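Asks: quick one: sequence and predicted model below, then my questions.
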Amino acid sequence: MRSVPQHDILHGPILKTMLRLGWPVMVASLLQTMYTLADTFWLGQLPASRDAVAALQISWPIIFFLLSLSIGFGSAGVALVSQFSGAGRQGDAERAAGQVLSLSLLLGACIAVTGVLLSPFIVGSLGIEAEVSRLSEGYMRIIFVGIPFTFGTAAYGFLMRAYGDSFTPMLIEGTAVGLNILVDPFLIYGWGPFPAWGVAGAAVATVITQSLSAAAGMYLLSSDRVGLHIRRRHLRPDRALIIKVIRIGVPASIGHSATGFGFFILMYVIALLPNNTVALAAYGVGDRIISLIFITINGLGEASCIMVGQSLGARDSMRASSVVRRGTTAMFLVLCTCACAVFAFRGPIVGFFINDPEVVREGVRYLRYFLVGVPFFGIFSGVNAAFRGSGHTVPSMVLEVSRLWVLRIPLTYLLGIVLARGAAGVWTGMALSNVIGGLVAVAFITAIPWQRAVIDA
């Protein structure tokens, strides 16, 4: 079953097909964002809301750093499954999907052990307040226990979307998020028979719901009900496919993990500011708001990636090039509109998530600076989708690493710490990194040949 027929992916109107493929991804991204938004909202109502929200914001860049490795294998799955599907090779698509799934689950188990063991050392290196450090460490350890389930859910979503079904993963994600929002206050505040676990309760709720969504995804993939049917033999190691998955996935993993680690270092830069707890909490709330307006881009980017992959699998490079041009333009214009809307209502939006006046003021200032660079992230995402869909992930890796390590971190440290502009300097550096990163991405897509498939003819 495909949510969008393959004929439409390969020959239908580009933007209309992109929206049909992308809207379930947008909804799924919104639902995924709701995990952290729900945590931020419920924790923001606690008496010590500043410490709780700061602990959450410190934890996620570290978690994302390790989660990004699953995104790399997911990128390999998207490239291979979409190109095999575009070429009409169902059996090869299922074999590739099985290898990606088994590698993702194995990697998730390894990262779970590593994360649990290293959490105290990672948090301790930041030099933050003792209470925030304690809360953050407890939250991360619980989240890492559930990492294999998170990897399984992510792999299922990547594989099904590459095949052309973005609707079923959305349903599973929606059910999981709904349960998370319901369970959160019971475990955070101690409603009913449950103890009041605070920040740790938010982590337990996330692990419970992620494990349920992973179980549902694995059942569907093994039951021949969703088009892709992964049998036991598809999970056995296939040397040629494993090499191809690693060749595509490792650069993507490096790019995403470098981004994740870059956000961790950004937390370190913010922690150097005089009033770092306020700045961290303000960034935490503001970042959640920004993630909402990136939801449309996530959907359009994923749809563009799938259409590029299937077009190249069908040996139609002209179609792939048209998808990239129109998709990137659409992403830029959408982000321009969203950024203007958030700018106009930035005060009430920030105030909705936290009741600390000082944090609200800093969060408003963060949005005022950072929103200027947001539209250029649409260009960056469109170019990245082209490289990921074609399976040429080295240029994508270079772009990801450059945006954080060559631009964002040096600029935020220079403007915020060296030139003593404080939080305003950090927010300015972040905005500039998106503007310059978008322009560099345009240069990359123009200069690098990417319109060739990575599967054998």
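Replies: Received it, and whenever you're ready, just let me know what you need. Computed from a prediction, not measured in an experiment: that's the story for all the values here.
Asks: C-alpha from now on. contacts and neighbour counts both.
Replies: OK.
Asks: so for the longest helix along the chain, mean pLDDT?
Replies: Counting by DSSP state H, the longest helix found in the chain is helix 49-86. When pLDDT is averaged over helix 49-86, the result is 77.
Asks: now for the next helix or strand after that helix, which elements pack on it?
Replies: Once helix 49-86 ends, the next helix or strand along the chain (criterion: DSSP states H and E) is helix 90-124. Using 3 or more CA pairs under 8 Å, 6 or more residues apart in numbering; DSSP states H and E as the contact test, the elements touching helix 90-124 are helix 49-86, helix 130-145, helix 147-163, helix 232-235, helix 239-271.
Asks: could I have the CA atoms of the shortest one written out in CSV?
Replies: The one in question is helix 232-235. Output in CSV follows, covering the C-alpha atoms of helix 232-235 (Å, rounded to 0.1, in the frame of the first residue of the first chain):
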residue,chain,number,x,y,z
ARG,A,232,13.4,-13.0,8.7
ARG,A,233,15.8,-13.7,5.8
HIS,A,234,15.9,-10.0,5.0
LEU,A,235,17.4,-9.4,8.5
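Asks: where do the helices sit along the stretch 251-400 of the chain?
Replies: Along the stretch 251-400 of the chain, the stretches classed as helices by DSSP state H, counting those that start in this stretch are 276-293, 295-313, 317-344, 346-353, 357-370, 374-390, 393-401.
Asks: can you redo those as CSV with mean pLDDT, mean neighbour count and distance to residue 198?
Replies: Conversion of those to CSV gives the following (pLDDT from 0 to 100; neighbours: other CA atoms under 10 Å; distance: least, CA to CA, whole Å):
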stretch, mean pLDDT, mean neighbour count, distance to residue 198
helix 276-293, 85, 22, 17
helix 295-313, 91, 30, 28
helix 317-344, 95, 18, 30
helix 346-353, 87, 17, 17
helix 357-370, 92, 21, 20
helix 374-390, 94, 28, 33
helix 393-401, 92, 23, 35
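Asks: residue 239 versus the nearest residue to residue 65 once chain neighbours are set aside, what's the distance?
Replies: Distances taken as CA to CA, 6 or more residues apart in numbering put residue 260 closest to residue 65, at 3.8 Å, once the chain neighbours are dropped. Separation of residue 260 from residue 239 (CA to CA, to the nearest Å): 29 Å.
Asks: out of the two, which sits in the more crowded spot?
Replies: Neighbours per residue, other CA atoms under 10 Å: of residue 260 and residue 239, the larger number sits with residue 260, 25 against 10.
Asks: before we move on, back to that, tabulate the helices of the stretch 251-400 of the chain in CSV, adding columns for distance to residue 19.
Replies: Formatted as CSV, these follow (distance: least, CA to CA, whole Å):
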stretch, distance to residue 19
helix 276-293, 16
helix 295-313, 7
helix 317-344, 10
helix 346-353, 27
helix 357-370, 27
helix 374-390, 14
helix 393-401, 23
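Asks: burial count for the closest residue to residue 366 other than its chain neighbours?
Replies: Nearest residue to residue 366, sequence neighbours excluded (CA to CA, 6+ apart): residue 427, at 5.8 Å. By other CA under 10 Å, the residues close to residue 427 number 25.
Asks: what helix or strand is residue 427 on?
Replies: Assigned by DSSP H and E, residue 427 belongs to helix 422-447.
Asks: which residue is the nearest non-sequential neighbour of residue 306?
Replies: Nearest residue to residue 306, sequence neighbours excluded (CA to CA, 6+ apart): residue 162, at 5.5 Å.
Asks: who's in contact with that neighbour?
Replies: By CA atoms under 8 Å, 6 or more residues apart in numbering, the residues touching residue 162 are 77-79, 81-82, 306.
Asks: which of the residues you listed ranks first by neighbour count?
Replies: Neighbour counts for the contacts of residue 162 peak at residue 79, which has 36 neighbours (criterion: other CA under 10 Å).
Asks: how about stretch 219-231 as PDB, C-alpha atoms only?
Replies: Provided in PDB are the C-alpha atoms of stretch 219-231 (Å, rounded to 0.1, in the frame of the first residue of the first chain):
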ATOM      1  CA  TYR A 219       4.500  -5.800  13.600                       C
ATOM      2  CA  LEU A 220       3.300  -4.000  10.500                       C
ATOM      3  CA  LEU A 221       6.600  -4.500   8.600                       C
ATOM      4  CA  SER A 222       6.600  -8.300   9.400                       C
ATOM      5  CA  SER A 223       2.900  -8.800   8.600                       C
ATOM      6  CA  ASP A 224       2.700  -7.900   4.800                       C
ATOM      7  CA  ARG A 225       0.100  -5.200   5.500                       C
ATOM      8  CA  VAL A 226       2.000  -2.100   4.400                       C
ATOM      9  CA  GLY A 227       3.500  -2.900   1.100                       C
ATOM     10  CA  LEU A 228       7.000  -3.500   2.400                       C
ATOM     11  CA  HIS A 229       7.200  -7.000   3.900                       C
ATOM     12  CA  ILE A 230      10.400  -7.700   5.800                       C
ATOM     13  CA  ARG A 231      10.900 -11.400   6.400                       C
END
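Asks: how about residues contacting that stretch?
Replies: Applying CA under 8 Å, 6+ apart, the set of residues contacting stretch 219-231 is 1-2, 93-95, 97-98, 156, 160, 163, 168.
Asks: that one - what's its average pLDDT?
Replies: Mean predicted lDDT for stretch 219-231 stands at 84.
Asks: follow-up on the earlier one: any chance of the helices and strands packed on helix 90-124 in CSV, plus distance to residue 180?
Replies: Formatted as CSV, these follow (distance: least, CA to CA, whole Å):
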stretch, distance to residue 180
helix 49-86, 16
helix 130-145, 14
helix 147-163, 14
helix 232-235, 31
helix 239-271, 24
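Asks: quickly note the distance from residue 129 to residue 115.
Replies: Taking CA to CA, one finds residue 129 at 21 Å from residue 115.
Asks: who has more neighbours, the two?
Replies: residue 115 (21 against 14).
Asks: grab the nearest non-local neighbour of the more buried one.
Replies: residue 144 (5.7 Å).
Asks: list the contacts of that neighbour.
Replies: Taking CA under 8 Å, 6+ apart, one finds 63, 111-113, 115-116 in contact with residue 144.
Asks: ok, those residues vs residue 377, which is closest?
Replies: residue 63 (22.3 Å; CA to CA).
Asks: so the closest one makes contact with residue 142?
Replies: No - Residue 63 is beyond contact range of residue 142, at 11.0 Å (criterion: CA atoms under 8 Å).
Asks: where do the contact lists of the two overlap?
Replies: By CA under 8 Å, 6+ apart, no residue touches both residue 63 and residue 142.
Asks: next, residue 197: phi, psi?
Replies: The phi and psi values for residue 197, taken as degrees, to the nearest 10, are phi -90, psi -10.
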